[in-house]
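**Student:** return a 3D structure for these sequence lines:
(chains A and B)
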Amino acid sequence: MSIKALKGFKDILPEEAAVWQRIEATARDIFHRFGFAEIKVPILEKTELFARSIGEATDIVEKEMYSFTDRNGESVTMRPEGTASVLRAFIEHGLHVRQPVNRLYTIGPMFRHERPQKGRLRQFHQLSVEALGSEHPRLDAEVMAMAALLLTELGLTASLEINSLGCPACRPAFKESLVAYAKARVGEICDDCVRRSDTNPLRVLDCKNEQCRIAFREAPSILDHLCADCRAHFAAVEEGLGALAIPYRVNPFMVRGLDYYSRTTFELLSGELGAQSAVGAGGRYDGLVAQLGGPALPGIGFAMGMERLVLLMQQAGEGQAQLASTVDVYVAALGEAAGKAGFRLLHELRRKGVRAAMDHEGRSLKSQMKQAGRLQARYVFLLGEEELKRGELVVKEMATGEQTTVALPGNTGAWCETVAGKIGL
RNA sequence: GUGGGCGUAGCUCAGCUGGUGGCAGCACCGGGUUGUGGCCCCGGAGGUCGUGGGUUCGACUCCCAUCGCUCACCCCA
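**Tutor:** Prediction:
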């Protein structure tokens, strides 16, 4: 039995990698338009970083992290999400003293030891975006608008849902009234929700169980419990989205899985991801930087799941492998002497920026032509013993089948000048 | 951690109530064209039927176990 990839770890084959490249290129372009700069951070961090940021009591920290003891006896963890690492780097290098507001993004793999299913892997990839240093609600709207624009430019549609989770001033009271509401209905709600009302009360709000949904339909709403500041902030976020004409829906039942969120939270949802629905999600985390030992700076960010984007693009027909040509010129040589000359020609072409390919196996011309067709070469440079003798080269344009004979000067560099000039490369 | 579905060629899959694994499609290689691709025609190569046991004269087929994949719960991007 040959060795296979680990459960939940996937190879991205060349054909699919093309889709990934398109997503990354589009994302970078848009992020740069919005003034975000890339930051590259390690994928291995001290375990404590995640425990402190994501929250000790979350599923991620409790049972999903790839943690191990390093050779020096220290507990380290393969990052389960990007924000903690980016904030650590932000604090460690004092980026806030350079400019008042920092806009950062990072792209890369994350690791969570879960049971894989559609749209969920153990190693997955995120586009992770953070804006630090401003609590202006317009920033919230701007960040959401950027996320939405990315989807649009990838040819995808998703619906934006927003909510506010309040702040340390108003959330505790809400939590209490919600717990009280749940406790009074232990008989009607699922076992999970009974458990949740102790461990993570807000989560009862987005339980998928039909009974629970009914039971919590009349539950206290966070939006009615917001303090004056949070209420004003949320209203201004809505106003900002309105100003940019970004469609959205307020969903008071939306909750986030990570502890650090405050005030604005949002999700970009799609119905085409199996049991998963979020392509992207994020929110504000105003206390987090300070909590990690940095300055008391507010922040907001989001993450997009790249595998989920790929899934959506494939379903939208955007994931088709482009039939673009992978080579400009295929050098077909016949015989040892022509092979040697063709090999020099091949490298000359490449040095001039031409995508060129050649076969070294001494195959028949027919088979070389076939290969050229498969690579969708625009031109074949045919070099046989006869051409070599006469100092010529046959240039065939594959699309039309048209062939012209080109005279070769004495050295390969000049050949390419002549040939490339002739065919307009 | 819990449950359902599925494991036959590189890929997609036929294979009936057990009786020798398929001229199957795509892909690959060669030929038809002594030096010309795509389309067409002909030929070729490619398999521990996931693995291990059991039942049987005989198992791809039935039973058990195991591994893997997958979907869902949980959770989340």
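**Student:** C-alpha coordinates for the helix or strand where residue A:406 lies, CSV please?
**Tutor:** Using DSSP states H and E, residue A:406 maps to strand A:403-407. Written as CSV, here are the backbone C-alpha positions of strand A:403-407 (Å, rounded to 0.1, in the frame of the first residue of the first chain):
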residue,chain,number,x,y,z
GLN,A,403,4.0,26.9,-42.9
THR,A,404,6.8,29.2,-43.8
THR,A,405,10.5,28.4,-44.3
VAL,A,406,12.9,30.7,-42.5
ALA,A,407,16.6,31.0,-43.3
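**Student:** get me the contact residues on the stretch 1-150 of chain A for RNA strand B.
**Tutor:** Neighbours of RNA strand B within the stretch 1-150 of chain A, by C-beta under 7 Å from any atom of the strand: A:1, A:4-8, A:58-60, A:64, A:81, A:112, A:114-121, A:124, A:126. The way it works is simple: take the backbone N, C-alpha and C, and place the C-beta from them, glycine included.
**Student:** and chain A, what are its domains?
**Tutor:** Split into domains by automatic domain parsing, chain A comes to A:14-170+A:226-315, A:329-423.
**Student:** and the shortest one, how far from the chain's centre?
**Tutor:** Spelled out, it's domain A:329-423. Distance, stretch centre to chain centre, for domain A:329-423: 40 Å (C-alpha atoms, centre = their mean, to the nearest Å).
**Student:** swap in stretch A:13-33?
**Tutor:** Centroid separation for stretch A:13-33 versus its chain: 8 Å, with C-alpha atoms, centre = their mean.
**Student:** list the buried ones in that stretch?
**Tutor:** For stretch A:13-33, burial by neighbour count (16 or more other C-beta atoms under 10 Å) applies to A:19-20, A:22-23, A:26-27, A:30-31.
**Student:** put together CSV for those, with secondary structure and pLDDT on each row.
**Tutor:** Compiled in CSV, the buried residues of stretch A:13-33 are given as follows (DSSP: H, G, I helix; E, B strand; the rest coil; pLDDT from 0 to 100):
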residue, secondary structure, pLDDT
A:19, helix, 89
A:20, helix, 93
A:22, helix, 92
A:23, helix, 95
A:26, helix, 97
A:27, helix, 98
A:30, helix, 98
A:31, helix, 98
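**Student:** just say which of the domains of chain A is most tucked in.
**Tutor:** Among the domains of chain A, domain A:14-170+A:226-315 has the highest mean neighbour count (mean count of other C-beta atoms under 10 Å), at a mean of 18.
**Student:** which other helices and strands does the helix or strand containing residue A:32 contact?
**Tutor:** Using DSSP H and E, residue A:32 sits in helix A:14-33. Using 3 or more C-beta pairs under 8 Å, 6 or more residues apart in numbering; DSSP states H and E, the elements in contact with helix A:14-33 are strand A:102-111, strand A:123-132, helix A:137-153, helix A:306-315.
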